[in-house]
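J.: Have a look at this prediction, sequence included:
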Amino acid sequence: MARDVSRRGFLAGAGIAGLAATAAAAGLGGCAPAGRTNAPAGTTSAASTGSDLIAAASLNPQDYDYRQNTLGTKTLFSSWKLGSINLNHRMVKSAAGSATYLSGLGDELLQYYVNFAKGGVEMIWIEDLAALEPPMTGGPVSADTMEFGKKLVAECKKHGAHLGYQWALFPLKKVEDMTVDDILQAEARGVAVAQSCQQMGFEAIEINAAGFNQGEQFLSRFHNTRTDAYGAGSLENRARWVVECIQKIKQACGKDFTVQTLIDCIEENDNLTNDATLMTLDKDVTTPHNLVITIQEGIEFAKMFEAAGTDSMHLRLGPLGNHPCQFGSDLYFILNGIEGATGYGAQWDFTRHWQGQLIGNHSGAGMLLDIAKRYKDALKIPCGCVTYMDPAHAPDYFEQALEDGKADFFIMNRPLTVDTDYVNKLKDGRIDEIAPCTRCLHCHVGSNEMNRAMAYCRVNALTQRVMTKNGPATYELQPASSPKKVMVIGGGPGGMEAARIAAARGHHVTLYEKTGTLGGRLSFASAVKGPHENLDDLAAYLKKQLDLNGVEVVLNREVDSPFISQTAPDAVILAVGGSRTSLPLQGSGVKVVDFDSFMTTDMGDNVVVYGSNAQAFDCALWLTVHKKRVTIVTPDANGDLDKQQSQHAIRFMTTALYSLGVKVWPGSSIASISDGQITVTTDAGTTQVIACDAIVQGADLAANASLLDGISVAETFAIGDCKEPFNIALAIRAGNDAGRMV
Ligand SMILES: Cc1cc2nc3c(=O)[nH]c(=O)nc-3n(C[C@H](O)[C@H](O)[C@H](O)COP(=O)(O)O)c2cc1C
């Protein structure tokens with residue numbers, strides 16, 4: 001592994017310098033922050049914080065200077081043992097159901113896992129898939145299921161990967177209502193699942209005793225109010241069900257069958273006002289925060305599990321009632337300027353909550369490492385922790401954590417899903433070829449049809465879609481039968497993805513970009529949203545891909561129809577973005593600000609953002625953090641607000657803005673404007689006068705594909721915002737599809 005400063009390490013620095021430039025351009029003053037800064041990244045510099053920003057911006061100061069790459073990856077790529085399984089590196093694929101819940105046991109699902117194995121992942125945990133387990137009514141799995149399981153194991157093994165199965169029993173009854181017979185039957189279920197998987201060739205089982213799974217319900221006094229031997233009277237009693245599961249599985253499957261136990265290594269309550277459905281199993285909702293599992297309790301449990309025979313611990317955050325943050329706990333950092341936002345619109349103070357033990361200043365990256373160290377110090381078995389464990393993102397930080405004995409292994413999902421070749425690329429030192437996870441959480445689908453339709457990876461256009469049969473039939477790229485001359489117009493994410501795919505298939509691709517840089521609006525988005533979403537990394541990754549795939553890039557060239565005729569391509573892929581519509585406004589006395597200028601325009605105190613797409617919401621947050629009194633006025637219906645973001649991101653954004661006093665008027669229009677105020681017609685048929693010094697034009701973009709009209713080219717495609725303005729994910733998806741179709 002090269003010891004030079006990586007492109008990513010460089011980018012982090014460049015990003016901060018760039019942000020300082022943005023701030024300077026905005027007239028915000030100050031110099032580039034060194035090390036810790038109170039500034040919400042992308043907005044202003046350390047020197048100018050305080051009076052420029054709302055108080056919430058300084059509660060959990062973020063330090064983005066943790067991404068150096070100077071140490072190499074010696075410990076990351078060192079061998080270790082997970083139970084009886086020998087492994088050569090520390091990156092383990094966690095169980096993660098996505099479209100897998102719905103795809104059935106078919107080739108697409110098989111290929112999904114084989115891709116991880118091909119990419120260098122040696123230990124793959126398969127998520128709880130009802131279809132792979134023995135029927136709940138008893139008896140063995142069907143012959144077809146057994147055959148599928150065996151094939152899955154064998155195909156992954158060909159590439160050197162070992163498979164483990166996560167058993168995540170969802171409680172059918174409240175713990176207090178379970179009879180002892182129910183409890184023993186639940187244990188027997190675990191044994192049956194383990195034995196069935198072992199027959200298929202799986203080498204390990206993980207007992208998911210975290211989140212709202214059965215094991216957690218026993219461990220937690222919040223959920224467990226029994227008074228018997230499985231009750232809350234002692235730590236031993238609380239641990240008994242999981243202990244017995246471990247013992248019985250070991251007894252049935254042999255000591256060499258590896259057992260891993262997943263627990264909430266620390267809990268807090270993150271459900272004061274919403275997600276009532278997740279509370280149905282909860283009783284004592286008045287004082288839940290006093291009954292959460294502490295680090296000390298968790299360590300005592302882990303010692304009992306170790307004594308019972310578990311081979312390793314998987315440690316996860318346990319925010320009760322906020323399921324997305326049980327696995328994507330970096331969602332707490334999604335809001336630029338109010339990092340640490342809870343699911344109910346307040347903020348965690350990381351020095352006080354979570355026993356003050358979370359690493360809360362690196363955007364969520366490795367946030368559990370210090371807690372994992374405490375578990376590791378108390379145990380002999382390997383301990384790993386999960387969530388934003390991404391060595392390619394911050395190589396030294398994660399290498400040092402292993403060297404310092406904070407964890408034995410890293411449990412990873414999204415980074416590996418975004419780029420299944422992650423491990424191999426990292427091993428080869430091709431860190432700048434790794435597609436970054438941009439932490440949007442669009443990938444989380446849950447388990448119903450509606451969610452499935454909403455689920456996609458923002459960066460990897462194939463990962464869920466191949467399985468759900470809504471997209472390409474295969475992960476493989478079909479080489480072009482006859483190479484064509486392909487013109488891609490526009491260097492945003494959609495255009496770059498189209499060029500990458502078309503060129504990878506063997507076409508001769510030239511990408512024309514009218515400005516002097518590639519990336520489209522990614523750098524603007526990054527400045528507004530801050531570094532958490534790694535959008536600068538996304539742009540850098542796509543640029544690198546153009547290089548690697550031999551795409552000719554022509555900058556500062558605006559393409560028109562005569563140029564297209566003159567160039568005579570076989571195919572044109574138009575990716576020029578949408579066009580902004582301007583508001584038909586009656587009156588004067590209020591400044592009207594272009595969306596692109598909201599960070600650099602002096603606007604007075606009272607600002608109306610017109611529009612409610614994701615960009616308008618991001619803008620509203622940025623302005624609010626910068627002490628503006630923001631009101632959103634939008635023609636969109638209440639149910640459509642911020643709809644381009646994932647359901648999880650929306651929840652954080654809307655609760656936080658609400659708690660900060662931002663009012664949204666959905667289904668509304670601006671009837672008139674006059675000095676310092678506007679009059680709004682609301683969806684209730686009333687009028688509302690709002691103090692307003694400036695209106696930011698954040699209305700939805702309009703399609704912008706007229707360049708294709710009347711050109712004579714055999715194949716034409718309009719993709720992304722110029723066809724149907726929506727979001728980065730759908731632009732990349734359309735680019736991927738066009739690149740495959742051409
Ligand atoms: C789409 C999706 C589905 C998931 N499903 C499961 C699951 O079935 N079981 C589980 O224990 N964790 C599940 N998780 C959590 C992941 O295993 C992992 O903890 C989480 O993605 C954080 O790791 P990362 O930051 O590397 O992505 C899921 C996460 C995602 C994003």
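T.: On my side now, so go ahead.
J.: and the helix or strand hosting Glu306, what other elements does it pack with?
T.: Per DSSP states H and E, Glu306 falls inside helix 295-308. Helices and strands touching helix 295-308, by 3 or more Cβ pairs under 8 Å, 6 or more residues apart in numbering; DSSP states H and E, are helix 235-253, strand 258-269, strand 312-320, helix 369-378. Bear in mind the C-beta positions are built from the backbone N, C-alpha and C, glycine included.
J.: Tabulate those in TSV, adding columns for distance to Ala498, mean neighbour count and mean pLDDT.
T.: Below are the helices and strands packed on helix 295-308 laid out as TSV (distance: least, Cβ to Cβ, whole Å; neighbours: other Cβ atoms under 10 Å; pLDDT from 0 to 100):
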stretch	distance to Ala498	mean neighbour count	mean pLDDT
helix 235-253	49	20	98
strand 258-269	40	26	96
strand 312-320	38	27	96
helix 369-378	39	20	98
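J.: quick one, what contacts the nearest residue to Thr463 once chain neighbours are set aside?
T.: Closest residue in space to Thr463, ignoring its immediate chain neighbours: Cys457 at 4.7 Å, by Cβ to Cβ, 6 or more residues apart in numbering. Cys457 is in contact with 417-418, 442-443, 463-464, 729, counting by Cβ atoms under 8 Å, 6 or more residues apart in numbering.
J.: Tell me the one of the residues you listed nearest the ligand?
T.: The ligand has its nearest neighbour among the contacts of Cys457 in Cys443, at 4.5 Å by Cβ to the nearest ligand atom.
J.: how about the residues of this protein near the ligand?
T.: Within the chain, the positions lying close to the ligand (Cβ under 6 Å from any ligand atom) are 94-98, 127-128, 166, 168, 208, 327-328, 386-389, 412-415, 443-444.
J.: Under the pLDDT cut-off, which ranges of the stretch 151-300 of the chain? List them.
T.: In the predicted model, the stretch 151-300 of the chain carries pLDDT under 70 at residues 272-288.
J.: Over in it, which residue gets nearest the ligand? Let me know.
T.: Counting by Cβ to the nearest ligand atom, the stretch 151-300 of the chain gets nearest the ligand through Asn208, at 5.2 Å.
J.: Burial check on that residue, number of neighbours?
T.: 26 (other Cβ atoms under 10 Å).
J.: can I assume it sits in a helix?
T.: No. Assessed with DSSP: H, G, I helix; E, B strand; the rest coil, Asn208 is strand; it does not lie in a helix.
J.: What segments of the stretch 401-550 of the chain are strands?
T.: Along the stretch 401-550 of the chain, counting by DSSP state E, counting those that start in this stretch, strands occupy 409-412, 485-489, 508-512.
J.: Distance to His353 for those strands - can I get that in CSV?
T.: Output for the strands of the stretch 401-550 of the chain, formatted as CSV (distance: least, Cβ to Cβ, whole Å):
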stretch, distance to His353
strand 409-412, 23
strand 485-489, 48
strand 508-512, 47
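J.: Tabulate those strands (TSV), appending distance to Leu701 and mean neighbour count.
T.: Formatted as TSV, the strands of the stretch 401-550 of the chain follow (distance: least, Cβ to Cβ, whole Å; neighbours: other Cβ atoms under 10 Å):
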stretch	distance to Leu701	mean neighbour count
strand 409-412	35	25
strand 485-489	17	26
strand 508-512	21	23
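J.: In TSV: those strands, plus mean pLDDT.
T.: Conversion of the strands of the stretch 401-550 of the chain to TSV gives the following (pLDDT from 0 to 100):
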stretch	mean pLDDT
strand 409-412	98
strand 485-489	98
strand 508-512	98
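J.: Show me the shaky parts of the stretch 551-700 of the chain.
T.: In the stretch 551-700 of the chain (pLDDT under 70), no residue qualifies.
J.: Once you drop chain neighbours, what's closest to the residue nearest to the spatial centre of the chain?
T.: Centroid-nearest residue in the chain, with Cα atoms, centre = their mean: Arg439, separated by 2.8 Å. Excluding the flanking residues, the one nearest Arg439 by Cβ to Cβ, 6+ apart is Glu533, at 5.5 Å.
J.: distance of that neighbour from Glu715?
T.: 33 Å (Cβ to Cβ, to the nearest Å).
J.: Looking at those two, which one has more neighbours?
T.: Between Glu533 and Glu715, counting by other Cβ under 10 Å, Glu533 is the more crowded of the two (24 against 14).
J.: wait, what's in contact with that one?
T.: 334, 438-440, 525-526.
J.: Reformat the residues you listed as TSV; add pLDDT.
T.: TSV is the format used below for the contacts of Glu533 (pLDDT from 0 to 100):
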residue	pLDDT
Ile334	95
Thr438	97
Arg439	96
Cys440	93
Ala525	98
Ser526	98
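J.: which one among these gets closest to Thr567?
T.: Distance to Thr567 across the contacts of Glu533 (Cβ to Cβ) is lowest for Ala525, with 30.5 Å.
J.: Not counting sequence-adjacent ones, nearest residue to the closest one?
T.: In space, Ala525 is closest to Leu535, 5.4 Å off (Cβ to Cβ, 6+ apart).
J.: I'd say the one you found and Gly520 touch.
T.: No. Contact criterion Cβ atoms under 8 Å: Leu535 and Gly520 do not qualify, at 10.4 Å.
J.: Can you pick out the residue with more neighbours from these two?
T.: Counted by other Cβ under 10 Å, Leu535 and Gly520 do not tie: Leu535 has more neighbours, with 29 against 26.
J.: Quick check: the gap between that one and the ligand.
T.: For Leu535, the distance to the ligand (Cβ to the nearest ligand atom, to the nearest Å) stands at 17 Å.
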